[in-house]
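S.K.: sequence first, then the predicted structure, then my questions.
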Amino acid sequence: MRFILGFAVGFCISLLFAPASGEETRRSLMQGAQELMDLPRQKAEQAAETAKQKAGELGSQVGRQAAESAVQAMEDSVLGKNKSA
């Protein structure tokens, strides 16, 4: 967070001393501020996407384990019945 704040302050100072018109400077400042405001949303979207992928991986792993357990139970059931016959 300190890095972002330092970056923003440095960016603003550099724009104030840059040889540009007031309108161009204000437009640049607004654009920079908008990019900074969008940063938390972008990070949240990235985190949500990562969580979604991890949940999918976990779901497939649990599903695969459940299927393997069901197959094993059926094999045990069938083999158990064949041994008694």
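M.R.: Noted; the coordinates are in hand.
S.K.: only C-alpha atoms for contact and neighbour calcs from this point on.
M.R.: OK.
S.K.: how far does the helix or strand that contains Ile4 sit from the chain's center?
M.R.: Assigned by DSSP states H and E, Ile4 falls within helix 2-17. Centre-to-centre, helix 2-17 and its host chain are 27 Å apart (CA atoms, centre = their mean, to the nearest Å).
S.K.: also stretch 16-27?
M.R.: On CA atoms, centre = their mean, the centre of stretch 16-27 falls 36 Å from the chain's centre.
S.K.: okay, the angle between the longest helix seen in the chain and helix 2-17?
M.R.: Using DSSP state H, we find that the single longest helix of the chain is helix 22-84. Calculated by axes from the mean of the first three to the mean of the last three CA atoms, to 10 degrees, helix 22-84 forms an angle of 160 degrees with helix 2-17.
S.K.: helices and strands around helix 22-84, which ones?
M.R.: Helix 22-84 sits against helix 2-17, with contacts defined as 3 or more CA pairs under 8 Å, 6 or more residues apart in numbering; DSSP states H and E.
S.K.: can I get the CA coordinates of the helix it packs on in CSV?
M.R.: C-alpha atoms of helix 2-17 as CSV (Å, rounded to 0.1, in the frame of the first residue of the first chain):
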residue,chain,number,x,y,z
ARG,A,2,2.9,2.4,0.8
PHE,A,3,4.4,1.6,-2.6
ILE,A,4,1.1,2.6,-4.4
LEU,A,5,0.8,5.8,-2.3
GLY,A,6,4.4,6.7,-3.1
PHE,A,7,3.9,6.0,-6.7
ALA,A,8,0.8,8.2,-6.8
VAL,A,9,2.5,11.1,-5.1
GLY,A,10,5.5,10.8,-7.4
PHE,A,11,3.3,10.6,-10.4
CYS,A,12,1.4,13.7,-9.4
ILE,A,13,4.5,15.7,-8.6
SER,A,14,6.1,14.7,-11.9
LEU,A,15,3.0,15.9,-13.8
LEU,A,16,2.9,19.2,-12.0
PHE,A,17,6.5,20.0,-13.0
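S.K.: give the buried residues for it.
M.R.: Across helix 2-17, burial judged by 16 or more other CA atoms under 10 Å covers Ala8, Cys12, Leu15.
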